[in-house]
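**Student:** Test case, fold it:
(2 chains)
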There are 2 protein chains.
Amino acid sequence: MLVTYDVSTLQDDSQKRLRRIAQACNGYGQRVQKSVFECSVSDVELEELINKLLKIMDKEQDSLRIYRLREPKDKFIRHYGVQTVVNLDEPLII
Amino acid sequence: MLVTYDVSTLQDDSQKRLRRIAQACNGYGQRVQKSVFECSVSDVELEELINKLLKIMDKEQDSLRIYRLREPKDKFIRHYGVQTVVNLDEPLII
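**Tutor:** Numbers count the residues shown, from 1 in each chain, chains lettered A, B, ... in the order given. Predicted coordinates for the structure are as follows:
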């Protein structure tokens, strides 16, 4: 599963939402880009994650997309450039 | 095909790279989030797009990921929140 999100930066709590969304996703998979996580989850875990994210995000401002990926995952992914390994405790500047 | 990218914001030409990458992707598909495009492309067009992106991006700083999506695409995508339709001519602030 691929989780991608955009969090609007216009609200006071934007950075907090961004950090909480990343932390929630981090519990289910691996961050591969600033706002992109690859998650190996069961259907039950997926619904659990989505419910958590829906509680955090501002549905009027933010965007969340979930893609069910083709398996075996690595066969259908190509990557170029740096591998982003982001420390969630550091302030996230995008 | 899903194209996701992270462009480092630390260089002087970061915003220019970001804009040029988005414009290149825009020629092959639809922007669904700030740094996420869904592209319906042939294998030849995909290689063409990747070559263009590799010339624009800074491989030491930026990250580009290409996912071959499951078809029919809409059956395997879930979306929550706003649909981002971004005007490429406006300055992109992330």
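**Student:** what helix or strand is the closest residue in space to A:S35 that isn't next to it in sequence on?
**Tutor:** Spatial nearest neighbour of A:S35, chain neighbours left out: A:Y5 (5.1 Å); criterion: CB to CB, 6 or more residues apart in numbering or on different chains. Glycine gets a C-beta too; all of them are placed from N, C-alpha and C. Assessed by DSSP states H and E, A:Y5 sits inside strand A:2-6.
**Student:** just checking, what packs against that strand?
**Tutor:** Judged by 3 or more CB pairs under 8 Å, 6 or more residues apart in numbering or on different chains; DSSP states H and E, strand A:2-6 is in contact with strand A:36-39, helix A:43-56, strand A:63-67, strand B:29-33.
**Student:** Off-centre distance for the helix or strand just after it?
**Tutor:** Downstream of strand A:2-6, the first helix or strand assigned by DSSP H and E is helix A:14-26. On the basis of CA atoms, centre = their mean, to the nearest Å, helix A:14-26 sits 8 Å off its chain's mean C-alpha point.
**Student:** what do you get for stretch A:44-55?
**Tutor:** 12 Å.
**Student:** So which bits of it are buried?
**Tutor:** Judged by neighbour count using 16 or more other CB atoms under 10 Å in any protein chain shown, the buried positions of stretch A:44-55 are A:L46, A:L49, A:I50, A:K52, A:L53.
**Student:** And the residues you listed, which is closest to A:A24?
**Tutor:** Nearest to A:A24, judged by CB to CB, of these is A:K52 at 4.7 Å.
**Student:** Make TSV from the helices and strands packed on strand A:2-6 and add mean pLDDT and distance to A:D12 to it.
**Tutor:** As requested, those are exported to TSV (pLDDT from 0 to 100; distance: least, CB to CB, whole Å):
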stretch	mean pLDDT	distance to A:D12
strand A:36-39	96	25
helix A:43-56	97	15
strand A:63-67	97	19
strand B:29-33	95	22
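**Student:** For my notes, please list these in a markdown table and give distance to B:K59 for each entry.
**Tutor:** Output for the helices and strands packed on strand A:2-6, formatted as a markdown table (distance: least, CB to CB, whole Å):
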| stretch | distance to B:K59 |
| --- | --- |
| strand A:36-39 | 18 |
| helix A:43-56 | 31 |
| strand A:63-67 | 25 |
| strand B:29-33 | 22 |
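**Student:** So for A:Q15, which of the ones you listed sits nearest?
**Tutor:** helix A:43-56 (12.5 Å).
**Student:** Can you tell me what sits against that closest one?
**Tutor:** A:1, A:3, A:5, A:17, A:20-21, A:24-25, A:27-28, A:39, A:41, A:64, A:66, B:78, B:80 (CB atoms under 8 Å, 6 or more residues apart in numbering or on different chains).
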